[in-house]
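> give the three-dimensional model of this entry:
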Amino acid sequence: MDDIVARIRSKLAAACTEPVPRPRTFVRAPGGQRLGTPLSEERVVAYEARHGIRLPHGYRRFLREIGNGGIGPDYGLLPLTRWSAHDIPTANHQLGRAFALEPTDSIAADWARLRAVQSNSYAGTHTVVHRGCMEMTLLVISGPARGRLLDANLEDLAAPPVFHPQPNFLTWYEHWLDTLPEGELVPDFRHQRRGSSEDLADVLTTSASPGERQAAAYTLGGRQPLTDRARDALARALADDPDRGVRMDAARTLAELDSGAAPVLASALKDPDHWVRRRALVHLLQVSNDENTHGPAARELLQDENPYVRMAAADLLDRAGWMSRPSERQ
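Numbers count the residues shown, from 1 in each chain. The predicted structure follows:
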């Protein structure tokens, strides 16, 4: 592993010469550094003893020799002691319990069986990245997949996690670094595609693969400014794509890069999938503060059947100052 540690240090040095990217792309460590100060052996051992575990070797070397939290995918790497942030279900002193899932073709069925017999399905995992809302990247500490990383949506615990293909933390992190020049600083390398804006618009409109279309919608978030063709492809995807993941990433990219996206985001408030409705609510205020146009639709969602949509609607109305109804202001 000496070679990969040296390569990561070199690639980090090169990446850190670039301008500071968009706020959602990287988190800086305390004090403003790109990475937190590496931990001493004594601090790592004390942490392991407290939880009755031994950290996977690749992650342990990263903490000891490279850094503790900071620059990384999505909102960045969490420091070691922040693993139980956001009240995630791994926070009950259960790091030493075995995480029973393996990355097999039957993962959906295996996950359903695991949840049926185990209340804390993510015991034995350690949060390393906060991806936004309650989406996290977890490192398996104990169990047959020890050392592997996976993405989990902790608001939808019935959905099985998605394993990353890399075998350990160091190869995972190096792979992320390798995507930066091609990926235009889009953080989630698992969802990236290579290609120009026109290439990605083609994929978004013609590919039969939902994964390819979602990757195109996500990667367009790093292609600034949006071309007219890319904007149209994203708008059509948000309105009509049969896959909710494609619609959700189309909403995020439009909100971040198209100041005129309010009408199409507002139309997504009636999407049949509650995750898309929630995503549209989260992003609508980024592009519009028009209460007369969007306030009534947001208020309707205070009665949505899904609690996460209701919470997002209340948050939007509160942040926009639209909580009082028109009749109360007359």
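
> mind listing the helices for the stretch 51-200 of the chain?
With helices called from DSSP state H, counting those that start in this stretch, the stretch 51-200 of the chain shows them at 57-65, 107-117, 169-183, 197-206.

> CA atoms only for the second one, dumped as PDB, please.
What follows is the C-alpha trace of helix 107-117 in PDB, where atoms were taken according to Å, rounded to 0.1, in the frame of the first residue of the first chain:
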ATOM      1  CA  ILE A 107     -28.600  -8.000  -2.800                       C
ATOM      2  CA  ALA A 108     -32.200  -6.700  -2.900                       C
ATOM      3  CA  ALA A 109     -33.600 -10.100  -1.600                       C
ATOM      4  CA  ASP A 110     -30.700 -10.400   0.900                       C
ATOM      5  CA  TRP A 111     -31.400  -6.900   2.200                       C
ATOM      6  CA  ALA A 112     -35.100  -7.600   2.600                       C
ATOM      7  CA  ARG A 113     -34.300 -10.800   4.600                       C
ATOM      8  CA  LEU A 114     -31.800  -8.900   6.800                       C
ATOM      9  CA  ARG A 115     -34.200  -6.100   7.600                       C
ATOM     10  CA  ALA A 116     -36.800  -8.700   8.600                       C
ATOM     11  CA  VAL A 117     -34.600 -10.100  11.400                       C
END
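
> give me the buried positions along stretch 267-277.
A268, L269, D271, H274, W275, V276, R277 (16 or more other Cβ atoms under 10 Å). Quick note: C-beta positions are derived from backbone N, CA and C, even for glycine.

> which residues are contacting that stretch?
156, 238-239, 244, 247-248, 251, 279-281, 284, 297-298, 300-301, 304-306, 308-309, 312 (Cβ atoms under 8 Å, 6 or more residues apart in numbering).

> can you list the low-confidence ranges for the stretch 201-330 of the chain?
222, 224, 288-290, 323-330 (pLDDT under 70).

> so where do the helices sit in it?
Counting by DSSP H, counting those that start in this stretch, the helices of the stretch 201-330 of the chain are 210-219, 228-240, 244-257, 262-267, 274-287, 291-300, 307-320, 326-329.

> could you check the angle the third one makes with helix 274-287?
I take that to be helix 244-257. Put simply, helix 244-257 runs at 10 degrees to helix 274-287, going by axes from the mean of the first three to the mean of the last three Cα atoms, to 10 degrees.

> before we move on, back to that, could I get the helices of the stretch 201-330 of the chain in CSV, plus columns for distance to E102?
Shown next, in CSV, are the helices of the stretch 201-330 of the chain (distance: least, Cβ to Cβ, whole Å):
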stretch, distance to E102
helix 210-219, 21
helix 228-240, 33
helix 244-257, 23
helix 262-267, 39
helix 274-287, 26
helix 291-300, 42
helix 307-320, 29
helix 326-329, 55
